[in-house]
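Engineer: predicted model and sequence below, questions to follow.
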Amino acid sequence: MAKRTLVSFDWAIKRLLRQKANFDILEGFLTELIGEDIVILHLLESESNKENEDDKFNRVDLMCENDRKELIIIEVQYYAEIDYFQRMLFGTSKVITEYMKEGDAYDKVRKVYSVNILYFDLGQGKDYVYRGKMEFSGIHMEDELLLSAHQQQIFNKTVPAELFPEYFIIKVNNFDDVAKNSLDEWIYYLKNTELPERFKARGLKKVEERLMYDKMDTTTRQQYDQYLKDVKISKSMIDTAKLEGKLEGKLEGKLEGKLEGKLEGKLEGKIEIILSSYDAGLSVDLISTITRISEAEVTRILREDGKV
């Protein structure tokens, strides 16, 4: 069975899929995932995309608006974070408030989709795709709370879940490489960066046409090769830091409820990664992506150590 080697989805999001001409690739992926036809109007800037001294202002890889004025966050993450659920919640909450004007009525709150493509094991569960949405169930009657007829007419929705943020978690490493449907075909690509010829999911034909490694020009291939090299080095450094116990303070501090250990372990571990990564030749922006610390803060740490 012939397969076609492609660039990774995270790199494509950062470099190629921000172009309007490539929106149809994102639309194909989101349509297969959400189960509705998605048409992207444009990409959006958010405070969450900007550099900030506080790590809570997590950067999303991409945020867009569809033709229903809904907001869609897409994030790809390789490295485990024990508080990732809370970070998802923070991200959607931040986006909601950013796109509300002062004095707006609550009916102006936007629907937000949070799409999380994860290459680490989050929580406990055997599935590889999880969908989370808000539902209200009666404690006594065990019925589902619906919108009133008047609300349905005004909002063009049936249940409150259609108004609240909705979350998708794709645990890529849990996928067994057996594609049972069109969404699985996309997940196969996310995991393997290649496509069997028989795959026909929406958007994958465009992936083949535009994200094929061999079809890229020499400069773009060199940039991609360097990116893969940097990611490999970074992963090795993080694994080494864990083995040396430099990140255990963060994990143990959180698990045992020791706030001091959590903060000191987190900071010490990330500073070590920043310094080692810089010594290995990684750029400040890539170090920022890996550690989820702003470029300004990474630069400050490097400056204090005399490296810049």
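Structural biologist: Thanks, I have it.
Engineer: doesn't residue 281 belong to a helix?
Structural biologist: No: with DSSP: H, G, I helix; E, B strand; the rest coil as the criterion, residue 281 is coil rather than part of a helix.
Engineer: all numbers from here: first residue = 857
Structural biologist: With the count now opening at 857, the last piece we talked about shows up as residue 1137.
Engineer: phi and psi next, for it.
Structural biologist: Residue 1137 has phi and psi values of phi 100, psi 10 when expressed as degrees, to the nearest 10.
Engineer: measure it to residue 977 for me?
Structural biologist: To residue 977, residue 1137 is 30 Å away according to Cβ to Cβ, to the nearest Å. Where C-beta positions appear, they are placed from N, C-alpha and C, glycine not excepted.
Engineer: again, but for residue 1086
Structural biologist: Distance of residue 1086 to residue 977, computed by Cβ to Cβ: 24 Å.
Engineer: which one's more surrounded, these two?
Structural biologist: Ranked by neighbour count (other Cβ atoms under 10 Å), residue 1086 and residue 977 place residue 1086 first, with 19 against 11.
Engineer: make sure the more buried one is actually in contact with residue 1134.
Structural biologist: No: using Cβ atoms under 8 Å, residue 1086 is not in contact with residue 1134; the gap is 11.6 Å.
Engineer: could I get the full set of helices for the stretch 1007-1156 of the chain?
Structural biologist: 1038-1048, 1060-1066, 1074-1099, 1104-1111, 1115-1135, 1140-1147, 1151-1160 (DSSP state H, counting those that start in this stretch).
Engineer: mean pLDDT lowest where, among the ones you listed?
Structural biologist: Looking over the helices of the stretch 1007-1156 of the chain, mean pLDDT reaches its minimum on helix 1104-1111, with a mean of 56.
Engineer: over to the residue nearest the centre of the chain. Which of the three states is it?
Structural biologist: Closest residue to the average C-alpha location of the chain: residue 931 at 1.3 Å, with Cα atoms, centre = their mean. Classification of residue 931 using three-state DSSP returns strand.
Engineer: in this structure, which ranges drop under the pLDDT threshold?
Structural biologist: 857-860, 902-916, 1090-1125 (pLDDT under 70).
Engineer: show me it divided up by domain.
Structural biologist: Listed by automatic domain parsing, the domain ranges of the chain are 859-1071, 1074-1158.
Engineer: mind putting the ones you listed into CSV with distance to residue 1164?
Structural biologist: Listed next are the domains of the chain as CSV, based on distance: least, Cβ to Cβ, whole Å:
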stretch, distance to residue 1164
domain 859-1071, 16
domain 1074-1158, 5
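Engineer: which residues in the stretch 907-1056 of the chain form strands?
Structural biologist: Assigned by DSSP state E, counting those that start in this stretch, the stretch 907-1056 of the chain shows strands spanning 918-922, 927-933, 968-974, 985-988, 1022-1027, 1050-1052.
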